[in-house]
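> Sequence first, predicted coordinates after that:
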Amino acid sequence: MELRTTYNKLESDLTSSKKRYNELLEQRENLKRGREQSDGREAALEELKTIELEYKKLKDELASNADNDPAALEAMKNAINVAHSAANRWTYNIFTLQQWCSTTFPQAKLE
């Protein structure tokens, strides 16, 4: 009984595999229909390859010029201004603290 169920399962697997194989063959034939070798197709493929190479070259050139991007330079200038104002704020705070300490603790100034 167990052999019969195993046989039936394998038989159904084989049938479904054959069906899938035939579907894939039909799909392959359908895909081949518009791709017959011709001079026009060869020229189009060459043109596509040329365009892809030019696109890659331009993309690399754009990446190399990313350091000169006006938006990036503007962002860097803004960051410099923020850092400069923060440094001035800290310096002002330090001098204010020194002044407060010297007025609050005049004897500490002597030491």
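Thanks, I have the structure now.

> residue closest to the middle of the chain?
Nearest residue to the geometric centre of the chain (Cα atoms, centre = their mean): A63, 12.9 Å.

> distance of that one from L53?
16 Å (Cβ to Cβ, to the nearest Å). C-beta: built from backbone N, CA, C; applies to glycine.

> and the longest helix for the chain?
When the chain is parsed with DSSP state H, its longest helix is helix 70-104.

> and that helix, which residues are buried?
Across helix 70-104, burial judged by 16 or more other Cβ atoms under 10 Å covers no residue at all.

> where's it relative to the chain centroid, distance-wise?
How far helix 70-104 lies from its chain's middle: 36 Å, per Cα atoms, centre = their mean, to the nearest Å.

> And it, what does it pack against?
helix 106-110 (3 or more Cβ pairs under 8 Å, 6 or more residues apart in numbering; DSSP states H and E).

> so how many other residues sit close to N30?
By the criterion of other Cβ atoms under 10 Å, N30 has 9 neighbours.

> next helix or strand past the host helix or strand of it?
Here N30 sits within helix 2-32, counting by DSSP states H and E. Once helix 2-32 ends, the next helix or strand along the chain (criterion: DSSP H and E) is helix 39-64.

> where in the protein is pLDDT low?
Applying pLDDT under 70 to the chain flags residues 108-111.

> ok, 90 please
The model of the chain has pLDDT under 90 over residues 1-4, 29-45, 61-74, 92-93, 95, 97-99, 101-111.

> mind listing what L14 touches?
Contact analysis of L14 by Cβ atoms under 8 Å, 6 or more residues apart in numbering lists nothing.

> Start the count at 45 instead of 1 going forward.
Got it, first residue is 45 now, which makes that one L58.

> separation between it and T135?
84 Å.

> now swap in Y99 and tell me
Separation of Y99 from T135 (Cβ to Cβ): 51 Å.

> try S146
Separation of S146 from T135 (Cβ to Cβ): 17 Å.

> With G78 instead?
Distance, G78 to T135, using Cβ to Cβ: 73 Å.

> likewise D57?
For D57, the distance to T135 equals 80 Å [Cβ to Cβ].
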